[in-house]
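Chemist: sharing a model prediction with you, sequence too.
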Amino acid sequence: SAKEQGRNVYCFFEPSMNRGAHEQLALVQDLRRALSLEQFELHYQPKLRAPDGPLVGVEALLRWHHHERGLVMPDTFIPLAEKTGLILEIGRWVINEACRQLMEWRAQGSEVPSVSVNLSATQFRSPGLLGKIKEALARHGMPPSSLILEITESTAMHDPEASLVILQRLSALGVQISIDDFGTGYSSLLYLKRLPASELKIDRAFVKDLVPGSEDAAIVSAIIALGRTLNLSVIAEGVETEAQQKLLTELGCTSLQGYHFGRPDAAASIGARL
Ligand code: C2E
Ligand code: MG
Ligand code: MG
Ligand code: MG
């Protein structure tokens with residue numbers, strides 16, 4: 001081991017260490033420079049009123065164009081950005097870019113009612129969040145209600161009392177809140193009732209194998225009923241087929257999002273479709 005071999009042997013290079021760890025380290029180093037090298041891009045995916053429109057907004061999804069690896073997806077680098085704290089700087093860029101793009105579309109005459117931005121747990125709990133959002137809205141002259149912040153159910157329910165305070169502050173700015181990946185966490189209904197959210201987003205796990213009469217259909221119905229009771233709109237993510245579109249609409253979903261309506265794509269392609 002490094003210890004046995006003595007000084008100057010840094011444990012990061014220990015031969016027994018798996019490739020995965022080395023690779024993650026290299027990836028983190030590249031991630032540190034990705035912002036200044038302008039390697040990030042936002043893709044946008046349409047959200048439609050059920051069953052097939054009009055457009056109610058778009059969700060911004062982060063993409064990393066790595067100089068060697070090509071396109072790196074968020075599930076690979078967001079966890080690293082979280083661990084290293086880089087997510088705060090990256091997240092600030094995302095919020096700004098999403099607001100800028102929405103206002104650009106509007107200036108071009110495309111009516112995009114809202115843009116949704118995902119916030120990770122670290123971003124959500126960071127003291128600078130409110131300031132960053134205010135700054136982005138002001139810089140781009142964006143009406144606060146056109147910005148939807150998506151936080152996962154797990155993040156919201158991790159420390160519900162603290163989340164409530166953060167969400168109340170965000171809500172006071174006039175931005176909207178969506179509870180993402182709903183159904184995969186453990187919601188306290190007592191807190192859910194108090195959260196100033198406007199949307200529940202049903203996780204793709206319940207949509208993937210959705211067929212009439214299934215357990216998934218019963219869960220989706222229950223989430224929709226909950227949404228109605230709490231006066232929240234309910235959107236389903238991961239809608240890939242016409243059958244899912246039809247059933248989700250029958251069950252009472254307010255809006256739909258998924259490959260069936262459009263994959264996340266560069267702003268220019270989305271703009272051309274609008
Ligand atoms: P999410 O917010 O739940 O986003 C939904 C994911 O499902 C996206 O993956 C989207 O491309 C994908 N998706 C959409 N429709 C379909 C469909 O019909 N079928 C299938 N199989 N997948 C579909 P993506 O873009 O890889 O993002 C993964 C996750 O990374 C997001 O999950 C979100 O949690 C996180 N993420 C993405 N962008 C950002 C960001 O800017 N900031 C932060 N903090 N997290 C982000
Ligand atoms: Mg999301
Ligand atoms: Mg989701
Ligand atoms: Mg997700």
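Modeler: Sure, I can see it. These numbers were taken from a predicted model, which means no experiment stands behind them. Ligands and ions are numbered 1, 2, ... in the order given.
Chemist: the nearest residue to Ala205 once chain neighbours are set aside: neighbour count?
Modeler: Nearest residue to Ala205 in three dimensions, chain neighbours excluded: Thr184, at 6.4 Å (C-beta to C-beta, 6 or more residues apart in numbering). Any C-beta I mention is one placed from the backbone N, CA and C, and that applies to glycine too. Other residues near Thr184 come to 15 when the count uses other C-beta atoms under 10 Å.
Chemist: tell me the phi and psi of Thr184?
Modeler: phi -100, psi -10 (degrees, to the nearest 10).
Chemist: then Ser255?
Modeler: Main-chain torsions, Ser255, degrees, to the nearest 10: phi -140, psi 160.
Chemist: does it touch Leu55 like I think?
Modeler: No - if you go by C-beta atoms under 8 Å, Ser255 and Leu55 don't touch, sitting 9.7 Å apart.
Chemist: any shared contact partners between those two?
Modeler: Residues touching both Ser255 and Leu55 (C-beta atoms under 8 Å, 6 or more residues apart in numbering) are Lys47, Leu48, Arg49.
Chemist: nearest to Leu210, out of the residues you listed: which one, please.
Modeler: Nearest to Leu210 among those is Leu48, at 17.2 Å by C-beta to C-beta.
Chemist: where does that closest one land on pLDDT?
Modeler: Here, the pLDDT recorded for Leu48 equals 98.
Chemist: mind putting the shared contacts of Ser255 and Leu55 in CSV, neighbour count and distance to Ala217 included?
Modeler: Output for the shared contacts of Ser255 and Leu55, formatted as CSV (neighbours: other C-beta atoms under 10 Å; distance: C-beta to C-beta, whole Å):
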residue, neighbour count, distance to Ala217
Lys47, 27, 22
Leu48, 21, 21
Arg49, 17, 21
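Chemist: buried ones in stretch 46-59?
Modeler: Using 16 or more other C-beta atoms under 10 Å as the test for burial, stretch 46-59 gives Pro46, Lys47, Leu48, Arg49, Ala50, Leu55, Val56, Gly57, Val58, Glu59.
Chemist: and of the shared contacts of Ser255 and Leu55, the nearest to ligand 2?
Modeler: Nearest to ligand 2, judged by C-beta to the ion, of these is Lys47 at 10.2 Å.
Chemist: count of residues packed around Leu210?
Modeler: 24.
Chemist: wait, it touches Ile219, no?
Modeler: No - Leu210 is not in contact with Ile219 according to C-beta under 8 Å; the separation is 9.4 Å.
Chemist: quick one: contacts for the residue nearest to Ala205?
Modeler: Neighbours of Thr184 in contact, by C-beta under 8 Å, 6+ apart: Thr152, Glu153, Ser154, Asp203, Ala205.
Chemist: near ligand 2, which residues of the stretch 51-200 of the chain show up?
Modeler: Applying C-beta under 5 Å from the ion, we find that the stretch 51-200 of the chain lies next to ligand 2 at Asn118, Glu150, Asp180.
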